[in-house]
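Trainee: coordinates only, no sequence provided:
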């Protein structure tokens, strides 16, 4: 069997790819492990509507029935949102889930991997994973970073999740040659917050400028992705210092509960949601919508170049 035998691409998406039309990849972990049911159903449909409204085709990824799904039916979206026996799948898990037929939601790393296999160049997510706080002792570093170092997909995000060590995350990306662009900002966004205090080397002020940089990188034959840091809209942004206090408490609780590995991020996000009275959840929705919009605009511009 070849890689194509494992891919299941919807006819609409395959036609768009064949014709060079803009397609935007979307992850499914945010549905299965990042939001409660049925709010996640509404979110899933709205994100896809936003992508279409900007002139691109949405391609939500998942692992279902021994296949790498590129684009989901309404029934498959509902399956992912109900999250019954749906695992969280990173690159290391893919062979197990495909061979056993288990259902899995794709992380940033896995969605990038599937997108590259399918020929999709742009991916919209909430925030990337990165180097966790205390990684000097735990060695807890997200697989997202190695995927960005090696996989040719541009990722539009609201920076990295604020629960991470943002400085070390940027250092890691710099070491592996991953360009980090800021959209209308010269500072790396911190997920719920527009600013982090970490300056970026390049601010871009239009989707076309971003598309030109992406095209140039890959036209040179350079491997790896590109990060586009897209700050959360100002009206939905949370205060950085206040969020630091909330995150510190959530990290203490996680340590006491001995939560580790791939379970740490969902645990922290759920606790942060509770501690902010749901305010962080509302912000999470809005930043994801904002990223889907920009990713679609970039995909449109990139399709014009190609």
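Mentor: Received the coordinates, thanks. Because the structure is predicted, anything quoted here is derived from the model rather than measured.
Trainee: give the other helices and strands that the lowest-mean-pLDDT helix or strand in the chain contacts.
Mentor: Ranked by mean pLDDT, DSSP states H and E, the weakest helix or strand in the chain is helix 264-275, scoring a mean of 73. Under the contact criterion of 3 or more Cβ pairs under 8 Å, 6 or more residues apart in numbering; DSSP states H and E, helix 264-275 touches helix 240-256, helix 279-305. C-beta: built from backbone N, CA, C; applies to glycine.
Trainee: identify the residues contacting that helix?
Mentor: Helix 264-275 is contacted from outside by 33-34, 88, 129, 132, 140, 161, 163, 243, 246-247, 249-251, 253-254, 257, 259, 280-281, 284, using Cβ atoms under 8 Å, 6 or more residues apart in numbering.
Trainee: cool, and stretch 172-188?
Mentor: Contacts for stretch 172-188 (Cβ under 8 Å, 6+ apart): 130-131, 141, 145-146, 148-149, 156, 159-160, 166, 170, 189, 194-205, 210, 213, 217, 222, 224-231, 294.
Trainee: please redo it, this time with the cut-off set to 7 Å
Mentor: Residues outside stretch 172-188 that contact it (Cβ atoms under 7 Å, 6 or more residues apart in numbering) are 131, 145, 148-149, 159, 166, 170, 195-196, 198-200, 202-205, 210, 213, 217, 224-231, 294.
Trainee: those, buried ones only, as a PyMOL selection?
Mentor: To isolate the buried members of the contacts of stretch 172-188 in PyMOL, using 16 or more other Cβ atoms under 10 Å:
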select buried, resi 131+145+148+149+159+166+170+196+198+200+204+210+213+217+224+225+226+227+228+229+230+231+294
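Trainee: list the buried ones in the least confident helix or strand of the chain?
Mentor: So helix 264-275, judged by 16+ other Cβ under 10 Å, has buried residues 264, 265, 267, 268, 269, 270, 271, 272, 273, 275.
Trainee: what score does the residue nearest to the spatial centre of the chain have for pLDDT?
Mentor: Centroid-nearest residue in the chain, with Cα atoms, centre = their mean: residue 125, separated by 2.9 Å. Here, the pLDDT recorded for residue 125 equals 97.
Trainee: which ones are touching it?
Mentor: By Cβ under 7 Å, 6+ apart, the neighbours of residue 125 are 27, 108, 155, 157, 291.
Trainee: which of those fall in helices?
Mentor: The members of the contacts of residue 125 that map onto helices under DSSP state H are 108, 291.
Trainee: picking that back up, ok, the buried residues of helix 264-275 vs residue 51, which is closest?
Mentor: residue 269 (23.3 Å; Cβ to Cβ).
Trainee: next one: the closest one from residue 305, what distance?
Mentor: In this view, residue 269 and residue 305 are 36 Å apart by Cβ to Cβ, to the nearest Å.
Trainee: please apply the same query to residue 154.
Mentor: Relative to residue 305, and taking Cβ to Cβ, residue 154 is found at 13 Å.
Trainee: what does residue 5 give?
Mentor: With Cβ to Cβ as the criterion, residue 5 and residue 305 are 31 Å apart.
Trainee: the more surrounded of those two?
Mentor: residue 305 (12 against 9; other Cβ atoms under 10 Å).
Trainee: ok, the closest residue to the more buried one other than its chain neighbours - how many residues close by?
Mentor: Leaving aside its chain neighbours, residue 305 sits nearest to residue 215 (4.9 Å; criterion: Cβ to Cβ, 6 or more residues apart in numbering). By other Cβ under 10 Å, 17 other residues sit near residue 215.
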